[in-house]
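Engineer: please find the sequence and the predicted model below.
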Amino acid sequence: MCYATSLRTSEKEIEERFNATQNVDFLYEPYFYRSGFEHTNLFIIPQEYPEEINPAMWGLVPKHAVKNIEGFYKDYNTLNARSEKVFNCVNYRDSIRERRCLIIVDGFYSPRYINSLSCPYYCHLKDDSLFAFAGIYSEIDDGVYSCSILTVGDHGFTVKANNVRKRMPLLLESEFEYEWLRNDLSETNIKELMRVGFTYDQLEAYTVSRDLYKKGNAKDGPWAISKVDYPGLGGQRSFFD
């Protein structure tokens, strides 16, 4: 699962990497840590406007819930959407067919239990570059979006990154990113992309501070991605140690 992300990269680098322009109606600010449980904005490239980068509230709000978003969030957690169930879920089935998006990040956080201790890991590409999650979105007002990150299971890195729920965000191979946004994809095409589009061979992860678990802590700072050793882990700071 994925409930916290980072996007430390500059606006210019993002625009060059994805060949898209930030929406002029908002001011982009890089961040080290952003929690989905606060329903803050992620940055997406929507299927409708593949040349634009827009903010989207984390936690998809379907059309039938836009009049009571607060109540919907109390009843449903839509930060992540299971890829194998997305076509059958009333909250997601319209978006997966017609409103897919790229969710731009440069890292994410994942909990892992070792010796009964829950340790947060920071996961990123080995070259620390940008990447995109496969996502879905809704428009809750004119030009105002919400989104969910698709998740998958059954990958080698999945078990390493989250040995509790054993799921991972669907990190797209770069060659499949704009395939994901195509308007002519059938249900079969979309399912095939979700099956083969995941990449994990360039990922690495390391332990970071458990202070990220503390409520009320200001978490958006460089310390959030700083490596931390835990004596009880026997030196296992990285998945690949």
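Structural biologist: Everything's here; your move.
Engineer: list of residues touching stretch 23-30?
Structural biologist: Applying C-beta atoms under 8 Å, 6 or more residues apart in numbering, the contact partners of stretch 23-30 are 7-11, 14, 22, 43, 52-55, 143. C-betas here are computed from N, CA, C, even on glycine.
Engineer: where does the prediction get shaky in the protein?
Structural biologist: For the chain, the stretches with pLDDT under 70 are 154-165, 200-201, 232-241.
Engineer: could you rerun that using 80?
Structural biologist: Low-confidence segments of the chain, defined by pLDDT under 80: 24-26, 114-116, 154-166, 199-201, 231-241.
Engineer: tell me what the lengthiest strand in the chain is packed against?
Structural biologist: Assignment by DSSP state E gives strand 131-141 as the longest strand of the chain. When contacts are defined as 3 or more C-beta pairs under 8 Å, 6 or more residues apart in numbering; DSSP states H and E, strand 131-141 packs onto strand 41-46, helix 93-98, strand 100-105, strand 144-152.
Engineer: now that strand: buried residues?
Structural biologist: For strand 131-141, burial by neighbour count (16 or more other C-beta atoms under 10 Å) applies to 131, 132, 133, 134, 135, 136, 137, 138, 139, 140.
Engineer: repeat for stretch 221-234
Structural biologist: 224, 225, 228, 230.
Engineer: can you put these in CSV and add distance to residue 166?
Structural biologist: Formatted as CSV, these follow (distance: C-beta to C-beta, whole Å):
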residue, distance to residue 166
224, 24
225, 24
228, 24
230, 21
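Engineer: mind checking which of those residues are in helices?
Structural biologist: Residues of the buried residues of stretch 221-234 located in helices (DSSP state H): none.
Engineer: with adjacent residues omitted, what lies nearest to residue 69?
Structural biologist: residue 61 (5.4 Å; C-beta to C-beta, 6 or more residues apart in numbering).
Engineer: of the buried residues of stretch 221-234, closest to residue 191?
Structural biologist: Nearest to residue 191 out of the buried residues of stretch 221-234 is residue 225 (C-beta to C-beta; 34.0 Å).
Engineer: that closest one and residue 67, how far apart?
Structural biologist: Distance of residue 225 to residue 67, given as C-beta to C-beta, to the nearest Å: 38 Å.
Engineer: just residue 87 next, same as before
Structural biologist: From residue 87 across to residue 67, the span is 25 Å (C-beta to C-beta).
Engineer: neighbour-wise, which of those two wins?
Structural biologist: Using other C-beta atoms under 10 Å as the criterion, residue 87 and residue 67 rank with residue 87 on top: 13 against 10.
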